[in-house]
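Colleague: Sharing a sequence plus its predicted fold:
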Amino acid sequence: MEVMTVGILGIAAVLLATQLKSVRSEYGTYLILAAGILIAFYTVSRWGTVLQMLKQCTEWLPVDRVYVSTLLKMIGIAYTIQLCAGLCKDAGYSAIAGQIETFGKLTILSLSLPVVLALLDTVHVFLQEGL
């Protein structure tokens with residue numbers, strides 16, 4: 001049911017913002033920003049289910065919790081950056097949106113480097129043992 005609520009909220013906000021642009025364009029921008037933030041809160045409410053499923057997966061598989069927490073951080077950063085950049089683009093500030101996206105990509109890259117290095121180290125050990 002929340003899917004319908006979020007969909008209707010988004011469509012209503014866009015329709016109202018379109019009508020408000022002819023009167024005062026900044027009101028439409030504020031309305032879109034408010035709707036985006038409200039939808040983000042709905043998105044955050046879904047994280048409990050995702051975290052529970054990931055916890056169950058880590059119990060079944062012998063995966064280090066550091067990798068799961070890193071993955072969750074990267075997913076959170078990606079969603080946050082996408083939301084913020086989208087709001088900036090809607091407000092007409094594409095340059096700022098691009099800078100936000102670049103920052104997000106670099107942040108995710110910096111988080112993933114230790115995992116990639118651990119993977120490369122594991123491959124190196126397997127290659128050494130094979131010789």
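Modeller: Okay, I see it. Treat the numbers as computed from the prediction; the structure is a model and nothing was measured.
Colleague: Which helix or strand contains residue 41?
Modeller: Element membership for residue 41, per DSSP states H and E: helix 25-45.
Colleague: what residues does the lowest-mean-pLDDT helix or strand in the chain touch?
Modeller: Sorting the helices and strands of the chain by mean pLDDT, DSSP states H and E puts helix 47-60 at the bottom, at a mean of 80. Applying Cβ atoms under 8 Å, 6 or more residues apart in numbering, the contact partners of helix 47-60 are 63, 65, 68, 72. From N, CA and C alone the C-beta is placed, and that goes for glycine too.
Colleague: cool, stretch 35-45 as well?
Modeller: Applying Cβ under 8 Å, 6+ apart, the set of residues contacting stretch 35-45 is 2, 5, 6, 9, 10, 12, 13, 79, 83, 86, 87, 90.
Colleague: And for stretch 16-31?
Modeller: Counting by Cβ under 8 Å, 6+ apart, residues outside stretch 16-31 touching it are 13, 32, 90, 91, 92.
Colleague: Closest one to residue 122 out of those residues, please.
Modeller: residue 90 (43.5 Å; Cβ to Cβ).
Colleague: check contacts around the closest one.
Modeller: 29, 32, 33, 36.
Colleague: list the buried ones in the helix ranked longest in the chain?
Modeller: Ranked by residue count under DSSP state H, the longest helix found in the chain is helix 94-130. Across helix 94-130, burial judged by 16 or more other Cβ atoms under 10 Å covers 97, 100, 101, 104, 107, 108.
Colleague: could you redo those as TSV and give each row pLDDT and distance to residue 124?
Modeller: As requested, the buried residues of helix 94-130 are arranged in TSV below (pLDDT from 0 to 100; distance: Cβ to Cβ, whole Å):
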residue	pLDDT	distance to residue 124
97	92	40
100	94	36
101	95	33
104	94	30
107	94	27
108	94	24
